[in-house]
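>>> Fold the following and give me the result.
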Amino acid sequence: MEDRSAVGRGGRPVAIIQMHPARPKISEAGPDPGGSAPAKTRVVGGFPWSESEMSSGLPILPEESPLNPPVWSAAGTADAAQGNRGGSTNAGWSWERIRSGLDACIAQSPAWTISLSLHILLLLMLAIWSIRMPESPRLRLELAFGPGAEPGQRLGSDDGGSGNVVDPPPDPGKEPLVEIAASAAAGVDVPLPMAPIWPTLTESAEANASTQPAAVSGGSASAAAIGSGLSGRDPGVRLGVLGAGGGNDATEAAVAKALEWIVRQQRKDGLWSLKGPYAGGGSQENRLAASAMALLALQGAGTTPRQGAHREVVAKAWKSLLKLQQEDGTFDAGDKIEQHQMYAHGQITIAVCELFGMTKDPRFEEPARRALAYAVAAQLPDGGWRYQPPRPNQANRGDMSVSGWFLMALKSGEMAGLDVPEETYQRLESFLDAVFVSDDKGYGYQISPGQKAFDFRPALTAEGLLCRQYLGWRRDDPRLISGVELLLREAPIDFDYRRKNAYAWYYATQVCHHMGGPAWVAWNSRMQKALLPEQVASGREAGSWDPANDQWGHIGGRLYMTTLSTCMLEVYYRHLPLYGVH
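Numbers count the residues shown, from 1 in each chain. Purely as a prediction, here's the structure:
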């Protein structure tokens, strides 16, 4: 750095500072300090050059860098720049000199250095050059059962000759959602859309089914259909019926997340709680009901103590629950509100009968039989069930809400191969006849003349229709068709605070799934669009559903809301359709 002075405007001295970049001087040829290189060589640009070669054509760098920055005077002129144009010794190199020096360097370089440089350049270019590979289209497999044809194609003819014409699907905007073909009403076997093939029956089931009508479209649910009801949970069947029934990767992902949340809520004693430890717990405790609903969701996905990702959780729960079963078949899991006692027994009876039916493990047969026997004995004189078993000097009137759980308990026993007295079903049918209100109001709560004053109640109507399906109403029964259309019209899945009712949706989902056809297509589409986005995506409660604003969410809480929602998304395989193709 040099400090020079100049005269500026007004005669005042102006300091001019000229900066020179620090540069080591090139030493004379001599021995290297480390003694590792010959005295006559040095490194220029990373390659060894002899001093004789450099002196022949490659310019020697001066001791002071010729690339001096411009020196600006107070008058604003670039003295150094002017000096450069004037050819001063320190004026810097011109482009011609730089280019001639590079040409000389390249001319004197060995051939291998040029090759090496080119390869390095190519490697650098490849490293930063992104090669976009064409994306292969995703393979999509569609599962279909039985013979079929395209709309407008004639069956039995390849060239459009004689045969039965397959009509195109109806326009949802022009046709009713529940449609029964005339051929089905006449008893002709017409497969339902997306109806799965029934699994192969065992020898005992075939013997029992020989005296029963087959479960066909338009027909009633047969004994064979009931006996095969749990088969869809088997890993070998589940994938097929999932796709056939309208399920997909999104519904299965939601089920997996929900089950993970449910598993995290299991307490140390193996049971669950309606009150916590999660956010949004219920206002009332019933550990037996909480544990039963958690197990219904886990077992609905095919989990048992022997199979499934959460088998250890299920095994731990049943180890605790079986110790709590009493001689009369009930389970004592702690204090609970009296009105919830029978709800809980109906739910745990479904769970233990499912467990025996899925595993055929002898350890679960007797507990299932005892729980089922208590359910049969608890039926009230009018054919329904309510908060207590029959008591002397009491009204002993059943209600539709509790009776729905007990009907499924009885049928779950049948699915497991256990016997249920026919009289029990006959009495329940009488109760259903008496509690029915009208086509536009559906089913009421209890047998009472005052029921006709109440408005349509979706949960009670859905329970009543599910009972009718399991008790033998045919798919083409006008009463069933009218009831399903009422549900679709008045009780869609809607998370609006005025209509949020997971209890009703749980039963309506099963009814529409068994019904099949356009009714199920419409319900399933709405269910997926409404239910999937409402699942909590992240945080501590990820995988659950918020019970806020649900009609019964303040009582059952987050576990109640999540287990029912999970069972709805398992509907494709949880129970096989009653009116499926045998």
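
>>> Touching, Gly346 and Ser401? I think so.
No: counting by CB atoms under 8 Å, Gly346 does not reach Ser401; the two are 10.2 Å apart. From N, CA and C alone the C-beta is placed, and that goes for glycine too.

>>> The two: who's more crowded?
Per other CB atoms under 10 Å, whichever of Gly346 and Ser401 has more neighbours is Gly346, with 26 against 18.

>>> any idea of the pLDDT on that one?
Predicted confidence (pLDDT) at Gly346: the value is 97.

>>> Over to Ala225?
Looking at Ala225, the pLDDT reads 74.

>>> State the number of residues packed around it.
Neighbour number of Ala225 under other CB under 10 Å is 27.

>>> counting contacts, what elements does whichever strand or helix holds Gly556 pack onto?
Using DSSP states H and E, Gly556 falls within helix 553-569. Applying 3 or more CB pairs under 8 Å, 6 or more residues apart in numbering; DSSP states H and E, one finds that helix 553-569 contacts helix 249-264, helix 287-300, helix 502-515, helix 517-531.

>>> what's near enough to touch the closest residue in space to Thr509 that isn't next to it in sequence?
Using CB to CB, 6 or more residues apart in numbering and skipping the chain neighbours, the partner closest in space to Thr509 is Met568 (4.7 Å). Met568 makes contact with Trp505, Tyr506, Thr509, Met527, Leu531, according to CB atoms under 8 Å, 6 or more residues apart in numbering.

>>> so which of those residues comes closest to Glu541?
Distance to Glu541 across the contacts of Met568 (CB to CB) is lowest for Leu531, with 16.0 Å.

>>> pLDDT score for that closest one?
pLDDT at Leu531 comes out at 95.

>>> Met408 versus the nearest residue to it once chain neighbours are set aside, what's the distance?
Among residues not flanking Leu531 along the chain, Ser565 sits closest, at 6.0 Å (CB to CB, 6+ apart). Remark: distance between Ser565 and Met408 (CB to CB, to the nearest Å) = 18 Å.

>>> again with Arg457
Taking CB to CB as the measure, Arg457 falls 19 Å from Met408.

>>> What of Thr303?
If you go by CB to CB, the gap between Thr303 and Met408 works out to 19 Å.

>>> likewise Val435?
For Val435, the distance to Met408 - CB to CB - is 17 Å.

>>> One more: Thr359?
Shown here: Thr359 relative to Met408, a distance of 19 Å by CB to CB.

>>> With neighbour numbers in mind, choose between these two.
For Thr359 versus Met408, neighbours defined as other CB under 10 Å are more numerous around Met408 (25 against 17).

>>> Quick check: chain neighbours aside, which residue is closest to the more buried one?
Closest to Met408 by CB to CB, 6+ apart is Ile350, at 5.4 Å.

>>> who's in contact with that neighbour?
Contacts of Ile350 by CB under 8 Å, 6+ apart are Ala292, Leu296, Trp405, Met408, Ala409, Ser412.

>>> Could you check how many residues crowd around the third one?
Counted by other CB under 10 Å, the residues lying close to Trp405 total 22.

>>> Could you do the second one as well?
Neighbours of Leu296 under the rule other CB under 10 Å: 22.

>>> Pretty sure it sits against Cys567.
Yes: using CB under 8 Å, Leu296 is in contact with Cys567, at 6.1 Å.

>>> ranges for the strands of the protein?
2-7, 13-18, 41-44, 47-50, 436-438, 442-443 (DSSP state E).

>>> Show me what the last one packs onto, helices and strands only.
By that I understand strand 442-443. strand 436-438, helix 458-470.

>>> one more time with 7 Å, if that's ok
helix 458-470 (3 or more CB pairs under 7 Å, 6 or more residues apart in numbering; DSSP states H and E).

>>> coming back round to it: so for the helix holding Gly556, what's the average pLDDT?
Mean per-residue pLDDT for helix 553-569: 96.

>>> and what of stretch 432-443?
pLDDT averaged over stretch 432-443 gives 94.

>>> Show residues contacting it.
Outside of stretch 432-443, the residues within contact range by CB atoms under 7 Å, 6 or more residues apart in numbering are 400, 444, 446-447, 451-452, 455-457, 460-461, 464, 467-468, 482-483, 486.

>>> measure it end to end?
8 Å (CA to CA, to the nearest Å).

>>> Buried residues in it, which are they?
Within stretch 432-443, the residues that count as buried by 16 or more other CB atoms under 10 Å are Leu432, Ala434, Val435, Phe436, Val437, Lys441, Gly442, Tyr443.

>>> roughly how far apart are the residue nearest to Met408 and Asp361?
17 Å.

>>> swap in Ser525?
Applying CB to CB to Ser525 and Asp361 gives a distance of 39 Å.

>>> now Gly280
Taking CB to CB as the measure, Gly280 falls 35 Å from Asp361.

>>> next one: Ala333
22 Å.

>>> Neighbour count for those two, which is higher?
Neighbours per residue (other CB under 10 Å) separate Ala333 from Asp361, with Ala333 holding more: 22 against 13.

>>> what's near enough to touch that one?
Contacts of Ala333 (CB under 7 Å, 6+ apart): Leu271, Arg287, Leu288, Ser291, Leu324.

>>> And for it, nearest residue in space, chain neighbours not counted?
Nearest one to Ala333, counting by CB to CB, 6+ apart, is Leu288 at 3.9 Å.

>>> pretty sure the one you found contacts Phe331?
Yes: between Leu288 and Phe331 there is a contact under CB atoms under 7 Å: 5.5 Å.

>>> Mutual contacts of the two, please.
Between them, Leu288 and Phe331 share these contacting residues under CB under 7 Å, 6+ apart: Ile348.

>>> And for Pro381, the neighbour number?
Counted with other CB under 10 Å, Pro381 comes out at 12.

>>> For the nearest residue to it once chain neighbours are set aside, give its distance to Pro390.
Take Pro381 and drop its neighbours on the chain: the residue closest to it by CB to CB, 6+ apart is Asn396, 5.5 Å away. Separation of Asn396 from Pro390 (CB to CB): 5 Å.

>>> repeat for Leu466
The value you get for Leu466 to Pro390, if CB to CB is used, is 24 Å.

>>> which one of these two has more residues nearby?
Leu466 (22 against 12).

>>> ok, the more buried one - contacts?
With CB under 7 Å, 6+ apart, Leu466 has these contacts: Gly404, Tyr507, Gln510, Val511.

>>> Also Glu429?
When contacts are counted by CB under 7 Å, 6+ apart, Glu429 touches Leu471.

>>> just the helices in the stretch 351-500 of the chain please.
362-377, 400-415, 422-435, 458-470, 478-490 (DSSP state H, counting those that start in this stretch).

>>> Can you say which of these is nearest to Tyr497?
Among the helices of the stretch 351-500 of the chain, helix 458-470 sits nearest to Tyr497 (CB to CB), with 15.6 Å.

>>> Between helix 400-415 and the closest one, find me the angle.
Here helix 458-470 runs at an angle of 30 degrees relative to helix 400-415 (axes from the mean of the first three to the mean of the last three CA atoms, to 10 degrees).

>>> so for helix 458-470, what's the average pLDDT?
Helix 458-470 comes out with an average pLDDT of 96.

>>> For the chain, give me the ranges with low pLDDT.
Within the chain, the segments meeting pLDDT under 70 span 1-93, 129-223, 581-582.

>>> How is it partitioned into domains?
Listed by automatic domain parsing, the domain ranges of the chain are 1-18+47-109, 192-574.

>>> Deepest-packed of the ones you listed, please.
domain 192-574 (a mean of 19; mean count of other CB atoms under 10 Å).

>>> distance of the residue nearest to Met408 from Met568?
In terms of CB to CB, Ile350 sits 16 Å off from Met568.
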